[in-house]
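Q: Fold the stuff below for me.
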Amino acid sequence: MASSLEAQLDTMHWLPPAVTNASGTGASTSNIGDHFIVITTPSTGAVPVQVTDGAGNVILNTTVSNSAPINFKAGDLAANNGTFLPTVAGTSGGIIDNEQLNQILTEGFIVTAKEPVFVNLRQRSRSQGASLTSKGCAALGTEFRAGFMRSLETNFGRQNYRNQAISVMATEDGTVVTFDDFKPGVVVSRGAPGSPSTRPPASGTPLTTDPISVTLDAGETYSIGLRHEFLAADGMTAGINDFNGTRVSSDKPITVSTSSFLDSPNSNGARDAGFDQIAPVARAGTEYIMVIGGAPATSILESPMVVA
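A: Residues are numbered from 1 along each chain as shown. Just a heads-up that it's a prediction; the model follows:
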């Protein structure tokens, strides 16, 4: 018996928000730039597609076909003009800022199609850019291990440019989500600037974030992260890369995305954005093929990162 499996082609896609390095009025088109959703399909006929935010508000009703892909800018989606300014109370642009960490939100996107489609989220801003391909129903799971771009940054004068974050979206009401197994010394950051009360509780020696538990309804999202400018003030003593491996678990299916806005693979101040929708532990494998990029063979840019 033979069958064809395409893990990224599906009729349902859930996209938790990415988290920018910006705060408040700094979260603007100047450092986020353009944010796109691209929807494609192998179907030659017109396929009805609907995009909503987590609260169920309809953002887009349209059709897609193999010869007519959908490529639209997120942010002010109703006007489709590409303007992006994340606000706590605003409509979803698919990206939130640091001030929205540690809060239950309805940011993010849900894509529903009558036939299987591919969904790709893209961001570009001057020298930075990132791409996330949704895994559809294959992204659903109840246990995940977070992974991020490896950072070797030592130019801490640029801390306000950098963060890492984990974002989840629930697919069923009453979903209990837990963030735990933080490495010793990892202290996740506060949300609103200057307000330590918005940082989840931490205890022990070294100070380490306690397990975080939150109950979400379908479409609701929750994000935690490291804001590099607050690490010392919040008591973090672990290395930035120790955020890798953090566990996310739930009692009902969720999707999880990780993001880095921005991280640096070397110590010369260079930086770039990156985000991905990670696979649940149940779908993790034991054999992988790595595709080398265009950097020289000795470049630190060609560096795999493994989470056990």
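
Q: what residues are up against the closest residue to I166 other than its chain neighbours?
A: Nearest-residue entry for I166: A146, 5.0 Å, with adjacent residues in sequence omitted and distances by Cβ to Cβ, 6 or more residues apart in numbering. Quick note: C-beta positions are derived from backbone N, CA and C, even for glycine. With Cβ atoms under 8 Å, 6 or more residues apart in numbering as the criterion, the residues that contact A146 are I166, F243, N244, G245, T246, R247, V248, V256, T258, I278, V307.

Q: distance of A146 from N163?
A: If you measure A146 against N163 using Cβ to Cβ, to the nearest Å, the figure is 13 Å.

Q: Check N120 too.
A: As it turns out, when the distance is counted by Cβ to Cβ, N120 lies 23 Å from N163.

Q: And I300, by the same measure?
A: 21 Å.

Q: which one of those two has more residues nearby?
A: Remark: of I300 and N163, N163 carries more neighbours, 29 against 12, as counted by other Cβ atoms under 10 Å.

Q: Just to check, that one is in contact with T258?
A: No. Here N163 does not reach T258: they are 11.2 Å apart, not a contact under Cβ atoms under 8 Å.

Q: What segments of the stretch 1-150 of the chain are strands?
A: Counting by DSSP state E, counting those that start in this stretch, the stretch 1-150 of the chain forms strands over residues 10-15, 18-19, 34-40, 47-52, 58-64, 70-73, 95-96, 109-125, 128-133, 141-145, given from the N-terminal end onward.

Q: Could you say which one of those strands comes nearest to A202?
A: A202 lies closest to strand 18-19 among these, at 19.4 Å (Cβ to Cβ).

Q: Quick one: residues in contact with the closest one.
A: Residues from elsewhere that reach strand 18-19 (Cβ under 8 Å, 6+ apart): 94-98, 100-101, 121, 123, 130, 132, 163, 165, 167, 223, 225, 257, 259, 261, 275.

Q: Same check on stretch 198-216?
A: Outside stretch 198-216, the residues within contact range by Cβ under 8 Å, 6+ apart are 101-102, 104, 168-170, 174-180, 182-192, 222, 224, 234-238, 254.

Q: so how far is it off the chain centroid?
A: Once both centres are worked out by Cα atoms, centre = their mean, to the nearest Å, stretch 198-216 turns out to sit 20 Å from its chain's centre.

Q: that's a strand at V214, yeah?
A: Yes. Assessed with DSSP: H, G, I helix; E, B strand; the rest coil, V214 lies in a strand.

Q: So what pairs up with it in the strands?
A: Applying DSSP bridges to V214 gives these bridge partners: V177.

Q: Give me the buried positions along stretch 198-211.
A: For stretch 198-211, the buried set under the neighbour-count rule, 16 or more other Cβ atoms under 10 Å, comprises R199, P200, A202, L207, T208, T209.

Q: Show me which of these has the smallest pLDDT value.
A: Sorting the buried residues of stretch 198-211 by pLDDT puts R199 at the bottom of the list (86).

Q: Against D173, how distant is that residue?
A: When Cβ to Cβ is the yardstick, R199 and D173 sit 28 Å from each other.

Q: got it, and Y288?
A: Using Cβ to Cβ, Y288 is found at 36 Å from D173.

Q: Compare these two and say which is more crowded by neighbours.
A: A count of neighbours by other Cβ under 10 Å puts D173 above the other of Y288 and D173, at 12 against 8.

Q: Now intersect the contacts of strand 18-19 with the helices, please.
A: Counting by DSSP state H, no part of these is found in helices.
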